[in-house]
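Visitor: Provide a 3D model corresponding to the input given below.
(one chain, ligands or ions: 1)
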Amino acid sequence: MITSFHPPQRTLMGPGPSDVNPRILEAMSRPTIGHLDPLFVQMMDEMKSLLQYAFQTKNELTIPVSAPGSAGMETCFVNLVEAGDTVIICQNGVFGARMKENVERCGATAIMVEDDWGRACDPAKLEAALKANPAATTVAFVHAETSTGATTDVKAMCDLAHAHGCLTIVDAVTSLGGTELRVDAWGVDAIYSGTQKCLSCTPGLSPVSFSEASVERIKNRKTKVQSWFLDLNLVMGYWGKGAKRAYHHTAPVNALYALHESLVMLQDEGLENAWARHAKHHNALKAGLEALGLTFVVPEDERLPQLNAVTIPEGVDDAEVRGILLNDYNLEIGAGLGVMGGNVWRIGLMGYACRKDNVLKCVSALDEALNRVGAPVSQGKAVAAALASYNNS
Ligand SMILES: *Cc1c(COP(=O)(O)O)cnc(C)c1O
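Guide: Now for the predicted structure:
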């Protein structure tokens, strides 16, 4: 007989999902009501305002797509790109490659601008690509590359794109709620995020936002969006302001309660405070990891606080150490992704997981695990170093 599934209580310090605040899990268990119930519709309106705050935008079309971050990505591309278009993609990690897949599946041409993994996207390279490809209509890049832990200067990239008549698509799956992000001030035209990273909500939804210029483009497409489910012309009828809500698909009612709760918590904490909290705990984690002798993949000024990629010491077995953390400490950290597989660990400090007790647990567990497997690291200094960072901040 198969019985109920009871997962263990883990501490999630990988690249996502991150620990979900119990308050959010509680919100999710509230009674399911109809998705066209007037009270639910009221909640959807609040959700839009809360998302506008989180994204720092006045964009009317600011909604959660009813599917994970990858669907938010697909929503941006299938709506803004048409067959025959040229799209410039600046790639500095795994997620840029997915953008290329999206563009090509739209029947468009992707011009790839490659940057080193572990570095920010270089605006100078984008500028050269824009000059070389005057037909380009769109520029896409990742704000917070979760595969490496590098951040990119969104405003500099958007300014260049606009100077060459392009709209911008930005992946903010890992940045939203964890690090400074200002959609309007930075000139982002289309942005997608996820609920399971720094919002610390359950996985499965993708907040997106579209500028007026991108809504214009979507309304004036020559061809229909090839995805019926993600066609914003249809979705707008469901989420649109004032418009009588038309049934498009059944909203994931309880998942939306969860997102609403997580955004209320973000509002209560204050965005700037949330960003500052991620920075503070990152500094303590960094002090601990460096005291162990571990080194960061990304140069300091291009580093994300919420995703800490460190090089695995020579001769240390990646899976063995992560296994010790998981089995002995119920602690999950992330493996390397793509070409970095086996070479790096990715330690997330996202949302609710971004706390002092987790930082101290992580550095002490790594200290013990690395010394147990005979890694060439120093023993017994990591926790003190992390604590010293807290005491100095
Ligand atoms: C996690 C992630 C995604 C994909 O989100 P899912 O919810 O897993 O579909 C996309 N881009 C980046 C940068 C991510 O970190």
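Visitor: name the residues of the protein found near the ligand, please.
Guide: 16, 68-70, 95, 142, 146, 171, 173-174, 194, 196, 203 (Cβ under 6 Å from any ligand atom). For the C-beta atoms, the positions are set from N, CA and C on the backbone; glycine is no exception.
Visitor: can we see that at 5 Å?
Guide: Within the chain, the residues that sit near the ligand (Cβ under 5 Å from any ligand atom) are 68-70, 95, 146, 171, 173-174, 194.
Visitor: in this structure, what residue comes closest to the ligand?
Guide: Across the chain, no residue is closer to the ligand than residue 69, which sits at 2.5 Å (Cβ to the nearest ligand atom).
Visitor: now that residue: phi and psi?
Guide: phi -50, psi -40 (degrees, to the nearest 10).
Visitor: list the residues that contact residue 81.
Guide: Residues in contact with residue 81 (Cβ atoms under 8 Å, 6 or more residues apart in numbering) are 87, 102-103, 106, 108, 137-138.
Visitor: so which of the residues of the chain next to the ligand belong to helices?
Guide: Judged by DSSP state H, helices contain the following of these: 69-70, 95.
Visitor: not counting its neighbours along the chain, what's nearest the residue of the chain closest to the ligand?
Guide: Nearest residue to residue 69, sequence neighbours excluded (Cβ to Cβ, 6 or more residues apart in numbering): residue 194, at 3.3 Å.
Visitor: what pLDDT does the model give the one you found?
Guide: Listed pLDDT for residue 194 reads 98.
Visitor: residue 271 too?
Guide: For residue 271, the pLDDT comes out at 98.
Visitor: measure it to residue 182 for me?
Guide: 10 Å (Cβ to Cβ, to the nearest Å).
Visitor: could you dump the contacts of residue 81 to TSV with pLDDT?
Guide: Shown next, in TSV, are the contacts of residue 81 (pLDDT from 0 to 100):
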residue	pLDDT
87	98
102	98
103	98
106	97
108	98
137	98
138	98
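Visitor: so which of those residues are in helices?
Guide: Filtering the contacts of residue 81 for helices - DSSP H - leaves 102-103.
Visitor: among the contacts of residue 81, which two are most distant?
Guide: Spatial extent of those (Cβ to Cβ) is set by the pair 102 and 137 at 14.4 Å.
Visitor: list the buried residues for the lowest-mean-pLDDT helix or strand in the chain?
Guide: None of the helices or strands of the chain scores lower by mean pLDDT, DSSP states H and E than helix 232-239, at a mean of 87. Buried residues in helix 232-239, counted by 16 or more other Cβ atoms under 10 Å: 232, 235-236, 238-239.
Visitor: need these in JSON lines (columns: distance to residue 368).
Guide: Below are the buried residues of helix 232-239 laid out as JSON lines (distance: Cβ to Cβ, whole Å):
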{"residue": "232", "distance to residue 368": "50"}
{"residue": "235", "distance to residue 368": "49"}
{"residue": "236", "distance to residue 368": "53"}
{"residue": "238", "distance to residue 368": "51"}
{"residue": "239", "distance to residue 368": "49"}
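Visitor: between which two of those residues is the distance greatest?
Guide: 232 and 238 (10.2 Å).
Visitor: how about the strands in the stretch 51-200 of the chain?
Guide: Remark: strands assigned in the stretch 51-200 of the chain by DSSP state E, counting those that start in this stretch are 61-65, 86-91, 109-114, 138-142, 144-145, 150-151, 167-171, 190-192.
Visitor: list the contacts of stretch 213-229.
Guide: Under Cβ under 8 Å, 6+ apart, the answer for stretch 213-229 is 60-61, 74, 78-80, 82-83, 106, 167, 189-190, 210, 231-234, 249.
Visitor: would you mind listing the buried residues in it?
Guide: Those would be 214-215, 217-218, 225, 227, 229, for stretch 213-229 by 16+ other Cβ under 10 Å.
Visitor: same thing with stretch 299-316?
Guide: Using 16+ other Cβ under 10 Å as the test for burial, stretch 299-316 gives 302-313, 316.
Visitor: give me the subset of those that lies in strands.
Guide: Using DSSP state E, 307-311 are the members of the buried residues of stretch 299-316 that sit in strands.
Visitor: okay, domains of the protein per the record?
Guide: 21-268, 271-392 (automatic domain parsing).
Visitor: gap between the nearest residue to residue 393 once chain neighbours are set aside and residue 326?
Guide: Distances taken as Cβ to Cβ, 6+ apart put residue 280 closest to residue 393, at 5.6 Å, once the chain neighbours are dropped. Per Cβ to Cβ, residue 280 is found 26 Å from residue 326.
Visitor: tell me where the protein has helices.
Guide: 22-28, 38-55, 69-80, 94-105, 123-132, 154-163, 183-186, 212-219, 232-239, 253-269, 271-292, 318-329, 356-372, 382-391.
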